[in-house]
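Visitor: when you get a sec, could you give me coordinates for this:
(chains A and B)
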Amino acid sequence: MVVRDFYETETASFWRNSPEIKSGELKTSEIKTEVFFFPSAQVPEMEGSFTNTQRLLQYHEKAADPPGDARSNLWFTYHLGNKLKALYRNSTSDRDWAIRNLLWDYEPEPTEVANWRIKDEPSAYKVLKEINGYNWGDKKPLPSFANLKEDGSTACGAWIYTGVIPEEGKNNAARRQGDNWISPNWGFSWPANRHIMYNRASADTEGRPWSEKKKLVYWDPNADSGTKDTSGRPILGKWVAPSGESIDFAPTKAPGSLGRDDSIGLDWLGGNDPFIMRADGKAWLFAPSGLVDGPLPTHYEPYESPVHNIIYKQQSNPLAKVWKVDGNPYHLVADPKYPIVISTYRLTEHYLSGTMSRWLPWLAELMPELFCEISPELAAEKGIKNGEYMTIQTARGEIQARALVTRRMRPFVIDGRTVHEIGMPWHWGWQGTSRGDVVNDLSVLVADPNVSIHEGKVFTCNIRAGKRGGTA
Amino acid sequence: MAKGMFVDTSICTGCKACQVACKEWNELDPEPAHFKSDPATKLLADHFTGDSYDNTGKISATDWRHVRFIEQFNRNRIGSRWLFSSDSCKHCTDAACLNVCPYSAIIRTEMGNVVVLQDKCQGARDCTHACPYGVVRYSDKSGTSQKCTLCNDRIHNGLGTACAKACPTGSIRFGEVAELRTRADSRLARLKASGEARANIYGYKEAKGLNVFYLLMDKPSVYGLPENPVVQQRPKSLPPLPANLGILVIGVTALVKFRERGAKERSEEKR
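Guide: Got it, this is the predicted structure:
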């Protein structure tokens, strides 16, 4: 196992101090994994783009060389690739064809590394340019995915990113000109710098903004469309976006206009069909295709639930993905051994599994330890006191946490019966400056049938006062 | 024109980004009281309070900012609210800390902010006892009083405060006090119109006006703020006085007062 990280994370240290080692379930001497640690550069010590969940690419420049042997992820991957290519250079085996022919030309330009100690840091710009796409012949970047060809004359890593490097030396992800609205000149929003998808839907069927205050894209009947009629007079009417937002619709396709029945693709869609990636241009409530389940949302109980579905005979999603394997036993519906609902979530103070944030004292002191939120009613029933330890148990595992007794948690009455719920953030592990048990030791492997999202938001458990293993 | 901040608690989400930004910009240590020593990582966080999402508890010499969490939930959970408020030095127009400092080590800059001059402070602590908000705290490490400077270095270089910059909802705004008041008035009118009868602005009259003032969703005592802050006007001790005794007397008086207030606040929060 190769670990490249800022800290010795839980994954990196599983072989020496994990709960399984401490409980005797695993023995270090019997673990056959060989572990390699590589020092890694911190974010300000490397260049590159990152894309957030709202589709915005932003570029970060390198501010300093990393110390000693620490290197960027990109450096590691690039030089690993070079070593593999050297190793397989003379291979005649068909199976090595891909490695021998892999295009791996991210050698930095002298200017890119002139100011730095590390001279063999690959060019992050060249990587992004390859993703953006370019003409194979003259290697010039492509400004739009509309320039992509299917004849091999263009190359592109991901068409949705095309336009981030519209011309050589221009990096739209590095733009930093914000305004108090859409900020079209801040970074690059894929695709085509569109910040709000299907934005023609911000206007009604006559092209007027649904809300004057929130108007985004609308039809201006008096704007010059840039085209002329047969007698040479300008044709008026086009979609406009004063914010500078990139319009996600044919610019002069008038509201209410009909699609052409004899055409294909976007031409088949009319002026009131904003959802241009759907075959019919409409948003779907009833989804006859594309989903594994469907076509309409309905109420299913979670896979593990303390109650029977009181709306339908079907208890839970019949297409949910389940894994009947060792270590993943499922609770029964209304299982008397596990009557309490548990929900897991995140806090603002820590990031994901906390492998970065729990080592930072400024963040660790804000949320110092794993805790479990519990109503005063349930706490009284179980003899659990605020601030003291409690144990949470499922068929998968048992963990301890500080109790946070709060009326924000409330008992439900479902079908005449009181059902309690507890809540736990899941950022913790045994390493770092803020430590706690691993909440996913409790959770159940069940996934939704469409995108395999893990059902960690709700499953069942039982609790008791005191630390795990029965100590106070 | 005085610069200050308007803290609109109605749109605070309790994310604590302001607390972290403050410590980052001002290079403040982790609060030693929040950690125990640990062989592997030196520090191990050890200050779980069980008081909602607040684990720092109060403003200190290394925590110039503190986000308060107030849970208003009755037995039936009717009319429930979870209130948040990011608290710091208020940069009072009539600043008790400045009034009482025997060494004139606390000054007001031309931008209206109140600053403890670290090279002049002798650690007399009159200010820590005089501050009606418990904001000025003594640091054993520096031997001086510490508090929010309204990011004195930033605001004298054309920037706003670090906390306001980090605030994702605009709950903390930096600017001209007069403009901020206009904004606060219209926000309060809107909240009142939408039925928030208890909403009020704290800081127009207190200590002759606070440059950092608040829109609160409940009466000030709910947020641990005194309804009628008493501002000391003159130094009680003067530099070469036999200070030990004087400070002890002031200290005990302040402590008693502080405790009384604390107890009152706690009982009101539990309501």
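
Visitor: run through the stretch 51-200 of chain A and note the low-pLDDT ranges.
Guide: For the stretch 51-200 of chain A, no stretch has pLDDT under 70.

Visitor: ok, and the closest non-adjacent residue to residue A:431?
Guide: Distances taken as CB to CB, 6 or more residues apart in numbering or on different chains put residue A:10 closest to residue A:431, at 5.3 Å, once the chain neighbours are dropped. Any C-beta I mention is one placed from the backbone N, CA and C, and that applies to glycine too.

Visitor: any idea how far chain B is from the one you found?
Guide: 13 Å (CB to the nearest CB, to the nearest Å).

Visitor: for that residue, give me the pLDDT.
Guide: For residue A:10, the pLDDT comes out at 95.

Visitor: middle-most residue in chain A, spatially?
Guide: With distances taken as CA atoms, centre = their mean, the residue of chain A nearest its centroid is residue A:53 (5.7 Å).

Visitor: and it, how close does it get to chain B?
Guide: Applying CB to the nearest CB to residue A:53 and chain B gives a distance of 15 Å.

Visitor: ok, that residue to residue A:207 distance?
Guide: 31 Å (CB to CB, to the nearest Å).

Visitor: over to residue A:410?
Guide: Remark: distance between residue A:410 and residue A:207 (CB to CB) = 47 Å.

Visitor: kindly report the same for residue A:61.
Guide: For residue A:61, the distance to residue A:207 - CB to CB - is 42 Å.

Visitor: the two - which one has more neighbours?
Guide: residue A:207 (20 against 10; other CB atoms under 10 Å in any protein chain shown).

Visitor: what's the helix or strand for the more buried one?
Guide: Counting by DSSP states H and E, there is no helix or strand that carries residue A:207.

Visitor: what about the residue nearest to it when sequence neighbours are not counted, neighbour count?
Guide: Nearest non-adjacent residue to residue A:207, counting by CB to CB, 6+ apart: residue A:219, 2.6 Å away. Neighbourhood size, residue A:219 [other CB under 10 Å]: 23.

Visitor: doesn't residue A:219 belong to a strand?
Guide: Yes. Counting by DSSP: H, G, I helix; E, B strand; the rest coil, one finds residue A:219 located in a strand.

Visitor: for the closest residue to chain A within the stretch 51-200 of chain B, what are its contacts?
Guide: Per CB to the nearest CB, residue B:73 is where the stretch 51-200 of chain B lies closest to chain A, at 3.5 Å. With contacts defined as CB atoms under 8 Å, 6 or more residues apart in numbering or on different chains, residue B:73 is in contact with A:406, A:407, A:408, B:80, B:81, B:82.

Visitor: please repeat the previous calculation with a cut-off of 7 Å.
Guide: By CB atoms under 7 Å, 6 or more residues apart in numbering or on different chains, the residues touching residue B:73 are A:407, A:408, B:80.

Visitor: which among the residues you listed end up buried?
Guide: A:407, A:408 (16 or more other CB atoms under 10 Å in any protein chain shown).

Visitor: which one of the contacts of residue B:73 sits closest to residue A:170?
Guide: residue A:408 (50.2 Å; CB to CB).

Visitor: gap between the closest one and chain B?
Guide: Counting by CB to the nearest CB - residue A:408 and chain B are separated by 6 Å.

Visitor: isn't that residue up against residue B:70?
Guide: No. Look at residue A:408 against residue B:70 with CB atoms under 7 Å: they stay out of range, at 11.7 Å.

Visitor: per-domain residue ranges of chain A.
Guide: A:40-161, A:199-268, A:321-470 (automatic domain parsing).

Visitor: most tightly surrounded among these?
Guide: domain A:321-470 (a mean of 19; mean count of other CB atoms under 10 Å in any protein chain shown).

Visitor: thinking again about what came up before, okay, now the residue nearest to residue A:431: neighbour count?
Guide: With other CB under 10 Å as criterion, residue A:10 counts 21.

Visitor: now do the contacts for it.
Guide: Neighbouring residues of residue A:10 by CB under 7 Å, 6+ apart: A:355, A:429, A:430, A:431.

Visitor: farthest-apart pair in those residues, please.
Guide: Farthest pair in the contacts of residue A:10, by CB to CB: A:355 and A:430, 11.4 Å.

Visitor: contacts for the helix ranked longest in chain A next, please.
Guide: With secondary structure taken from DSSP state H, chain A has its longest helix at helix A:73-87. For helix A:73-87, the external contacting residues (CB under 7 Å, 6+ apart) are A:4, A:38, A:46, A:48, A:99, A:102, A:104, A:106, A:121, A:122, A:124.

Visitor: those residues: which two are farthest apart?
Guide: A:46 and A:99 (25.4 Å).

Visitor: after the host helix or strand of residue A:49 comes which helix or strand?
Guide: In this structure, residue A:49 sits in strand A:48-51 according to DSSP H and E. Using DSSP H and E, the helix or strand that directly follows strand A:48-51 along the chain is strand A:56-60.

Visitor: residues contacting that next one, please?
Guide: Contacts for strand A:56-60 (CB under 7 Å, 6+ apart): A:43, A:47-51, A:164, A:171, A:173-174, A:187-190.

Visitor: got TSV for the residues you listed, with distance to residue B:228 too?
Guide: TSV is the format used below for the contacts of strand A:56-60 (distance: CB to CB, whole Å):
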residue	distance to residue B:228
A:43	49
A:47	56
A:48	56
A:49	55
A:50	51
A:51	53
A:164	59
A:171	58
A:173	55
A:174	54
A:187	50
A:188	55
A:189	52
A:190	57
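
Visitor: for the chain, which segments count as helices?
Guide: Just going to use chain A. A:10-17, A:19-23, A:73-87, A:97-101, A:110-113, A:124-132, A:361-364, A:376-382.

Visitor: not what I meant, chain B
Guide: B:17-25, B:96-100, B:126-130, B:152-155, B:162-166, B:177-193, B:243-270.
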